[in-house]
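A.B. asks: Need coordinates for the below:
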Amino acid sequence: MNKRKVVVRRDVVFNETDFGRQSQPLEIESEADTEAQQPPEVSEDSVSETGPQEPPRRSERATKGQPPLQFGFDEYAEFTDMTHVVLHAAIDEPSSIQEALTSKYSEQWKAAVDSEYQSLMENKTWELVELPVDRKAIGCKWVFKVKYGEQGEVERFKGRLVAKGYSQKYGIDYDETFSPVVRFNSIRALLAYAVQKRMLIHQMDVVTAFLNGELEEEIYMQQPEGYVESGNENLVCKLKKSIYGLKQSPRCWNQAFRKLMESLDFKQCQADPRIFIKGSEADKLTIIAVYVDDLIIITSTEEEMNQIKVSLNKHFKMKDMGSLHFCLGVHIKQSEEGLQLCQKRYIEKLLQRYGLQDANAVSTPVDLNVKLVADDGHSKPVDKVRYQSMVGSLLYAAVATRPDISQAVGVLSKFNSAPTEAHLTAAKRVLRYLKGTMNLSLQYKQTENSDIVGFSDADWASDMDNRHSTTGNVFMLAGGAICWLSQKQSAVALSTAESEYIALSSAAQEAVWLRQLFQDIRGDCVAPITPITVMEDNQGTIAMTNNHTHPHKRTKHIDIRYHFVREQVQNGTLLIKYCYTKDNIADLLTKPLARGQFEHLRCQLGMA
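C.D. replies: Numbering: from 1, shown residues only. Next comes the predicted model:
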């Protein structure tokens, strides 16, 4: 019986053009035939007499120095070492004042520290006293940061004195700490409204904002390193102002700014407490949105803009940034046509951080052929911290300017506790999609219809692990999306109509909030606000919202909280209308779509 033998060679050349074609019949040689054809052994002496041997044949395929591709889950699952990359400048930020003053940029760091210390003295932040016997002084340290501009250029060197607030004790050194910031939904709604009404949009920055807050508690702090007063080394700082690092500092600054706004006849918005409004839509409307120390100012005329800037400069040390162009990591471009929001710079940094700057781009954020589950039986676990970091980074883009990836990021977030290679591959696909669409921006422009229009949809039983459905809704103003949501429902729906009804209840909540926001903006206008229209593609769900009689046997089990939408329709707050599924923009926020439909709905979101 002849035995078969496998011959392993390293210098084989594959002709890919012949794959799939068999030009000649295959011949399998037996071991005997192979041995018969082998040449006789050659001694070293005979080799030297016959001359140099020909080098072994090598593959002529051009690899350009790249390693061979590995297909399957490992193609994207391997993580590169995470590094923080500065695109145009690489300046090491010192960790102590000694390191700063002995570094290459010692002059710049020294100037930054002196400027900070001068601000502390001008604001009378503390007074030197002896430490009481029953008290302990908290520490402080200098924190250094390089600020970069929109194009990655070095803008300025910044030094900040920060109290070590982690050593504070509740009930002794602090009490309440909550301080709100303006929501992204509110910012986009205000920008779209300003574009629709052709209003001016500027921004200002409060210099050392927290130093303007008055402390209520008695707190002692050590003197700052490098600025210990000669002859008073044994004294400590009794704080009078809310220095950075204290747990209650944001709250103190919030209270100080609110008092100023009230003295200038501004009213606090009920829908968002960090929006302050003066006047009304019919009479010199001025709006200020506050995110910690960043102010977005919207006025009807240049005169009103100058007046509010002068008033702010009288009370706080301000920096006038001109027209709104960069805020919270988002680039804003204003023009005669409208306004654009883009995060190209942020996406570039993400791609470099996760080693995907040279990856191939894809046309959609989710693969239609892949259904993610918690455990598919063969994917290996990956680093949980790095996976969560990637998903969190994607989430910020989805919340700020990229509703087109909200559904994909929402699905990835479900696996944060135990991610696998399959989940990591899906996360990297979203990054590859962003690589090909980083120039997309969310656009607002003046339109004939100034009303808010919402869209609601649901994907029934889309979660393969617990069969929960996915809610999606989006609200449009000035040709662009101002609010959107993609979220897994908290209860199992027994039918498509039921899942759509639950999703519509969520959309009703957002519509009521938007209605309140624009009522606050309009002020004393007598013209009533028309009902907010929400488009729905399920006739059964629309019938359920209009049914005010005894519940049907197929809907009697629905939780009371979901009937909120029915009440809003009855009160005239909402108007539910039917639309075709292909025109329902919220469909993009509930499930993966084919490229054609995905790009069509993405365009309808106002992204271009």
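A.B. asks: Any idea which helix or strand in the protein has the lowest mean pLDDT?
C.D. replies: Every helix and strand in the chain was compared by mean pLDDT, DSSP states H and E; the lowest is helix 74-77, with a mean of 40.
A.B. asks: Mind checking what helix or strand follows it in sequence?
C.D. replies: helix 97-101 (DSSP states H and E).
A.B. asks: List the buried residues of that next one.
C.D. replies: Residues 97, 100 are the ones in helix 97-101 that count as buried (16 or more other C-beta atoms under 10 Å). (Each C-beta comes from the backbone N, C-alpha and C, glycine too.)
A.B. asks: what is the mean pLDDT for the next helix or strand after it?
C.D. replies: Per DSSP H and E, the first helix or strand lying C-terminal to helix 97-101 is helix 106-122. Averaging pLDDT along helix 106-122 gives 91.
A.B. asks: Equivalent analysis for stretch 543-559, please.
C.D. replies: 70.
A.B. asks: Can you get me the start-to-end distance on that stretch?
C.D. replies: Using C-alpha to C-alpha, to the nearest Å, the end-to-end distance of stretch 543-559 comes out at 17 Å.
A.B. asks: what residue ranges in the stretch 501-608 of the chain score low on pLDDT?
C.D. replies: Applying pLDDT under 70 to the stretch 501-608 of the chain flags the ranges 524-528, 548-557.
A.B. asks: Let me see the ranges of the helices in it.
C.D. replies: Here the stretch 501-608 of the chain has its helices, by DSSP state H, counting those that start in this stretch, at 539-546, 564-571, 595-604.
A.B. asks: quick one: the longest one to chain centroid distance?
C.D. replies: By that I understand helix 595-604. 22 Å (C-alpha atoms, centre = their mean, to the nearest Å).
A.B. asks: Ok, the first one next?
C.D. replies: In terms of C-alpha atoms, centre = their mean, the centre of helix 539-546 is set 35 Å apart from its chain centre.
A.B. asks: Could you check that helix and say which residues are buried?
C.D. replies: Quick answer for helix 539-546 (16+ other C-beta under 10 Å): 541-542, 544-545.
A.B. asks: what does stretch 333-349 give?
C.D. replies: Buried-residue list, stretch 333-349, by 16+ other C-beta under 10 Å: 333-334, 338-343, 345-349.
A.B. asks: Quickly run through the sheet partners of the helix or strand that residue 340 is a member of, with directions.
C.D. replies: For residue 340, the host element (DSSP H and E) is strand 338-342. Here strand 338-342 has these sheet partners by DSSP bridges: strand 330-334 (antiparallel), strand 442-445 (antiparallel).
A.B. asks: Which residues does the shortest one contact?
C.D. replies: In this structure, residues lying in contact with strand 442-445 by C-beta atoms under 8 Å, 6 or more residues apart in numbering are 188, 191-192, 195-196, 337-342, 401-403, 477-481, 605-608.
A.B. asks: For stretch 485-495, give the mean pLDDT please.
C.D. replies: Across stretch 485-495, the average pLDDT comes to 92.
A.B. asks: Among the buried residues of stretch 333-349, which pair sits farthest apart?
C.D. replies: Spanning the widest gap among these are 338 and 349, at 26.6 Å by C-beta to C-beta.
A.B. asks: Alright, calling it a day.
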